[in-house]
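For reference, the sequence and a predicted model appear below.
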Amino acid sequence: GLHAPPGGVFPVKSGQTIYVDGGAILQGTFKPEKVENVRIIGRGIIDRPADQLVVQDSKNVTVEGLTFLTPKHGTIACASSSNRTFKDIKTLSNGSWADGVPVFACSDVTVARTFIRTSDDSVAVYATRKLGVGDTRRVRVRDSIFWPDVAHAVFIGLHGDTKARNVLEDLRFENIDILGLDED
């Protein structure tokens, strides 16, 4: 069925496994913030969330199997977190700055078997940016299909902390198909 949480956000607690059934359409998003050992899995649809699913200041979070339709500012973001896995994700976006998977100051990130059709960057890897502060290390992106509109399939760098040095290291992209690219 159709589900819309109060305030547009479904709560997430440490240790939870949240299963979104294949017949479910959620008009809201999850905000795993300061949690550990969380899995958000299933075959359901996240429809028109007002914001992206941001994994913030968290450890051991997996998002798997979901479809995201027309997210406003991107699909799934990682900020100041470690050990995140995003796999079997499908996303179709059309708004300004609607990245697929932006990574801000995170370590040990896996993005695998995704289909990312975005109006902006498919995958962006930064150090300090927005809610994420610090270095980014050990990012693995593999076995995926990217289709950005007027941006980049893969975007690395640019943002950082002007007062302290940031490091981006050990980034690996393997077996990526890019269906279209129009960087105006």
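Good, I have the coordinates.

D177: what's it in contact with?
Neighbouring residues of D177 by C-beta atoms under 8 Å, 6 or more residues apart in numbering: 144-146. Placement of C-beta: from N, CA and C, glycine included.

if we go to 10 Å?
By C-beta atoms under 10 Å, 6 or more residues apart in numbering, D177 lies in contact with 115, 143-147, 153.

Now, the residues you listed that are in helices?
Within the contacts of D177, no residue falls in helices by DSSP state H.

are any of these buried, and which?
115, 144-147, 153 (16 or more other C-beta atoms under 10 Å).

need the residues you listed in TSV with distance to G100 and pLDDT, can you?
Formatted as TSV, those follow (distance: C-beta to C-beta, whole Å; pLDDT from 0 to 100):
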residue	distance to G100	pLDDT
F115	9	97
S144	9	98
I145	11	97
F146	7	96
W147	9	93
A153	9	92
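
Can you tell me the centre-most residue of this protein?
I76 (2.2 Å; C-alpha atoms, centre = their mean).

And the residue of the chain most remote from its centre, which helix or strand is it part of?
What lies farthest from the middle of the chain is K163; by C-alpha atoms, centre = their mean that is 26.7 Å. Using DSSP states H and E, K163 maps to neither a helix nor a strand.

any idea how far T128 is from it?
9 Å (C-beta to C-beta, to the nearest Å).

which regions of the chain sit below the pLDDT cut-off?
Applying pLDDT under 70 to the chain flags residues 184.

Return the member of the buried ones among the contacts of D177 nearest to P71.
P71 has its nearest neighbour among the buried ones among the contacts of D177 in F115, at 14.0 Å by C-beta to C-beta.

Surely that closest one is in contact with I178?
No: the criterion here is C-beta atoms under 10 Å, and F115 misses it with I178 at 12.0 Å.

Now the common contact residues for these two.
Residues touching both F115 and I178 by C-beta under 10 Å, 6+ apart: 122, 144-147.
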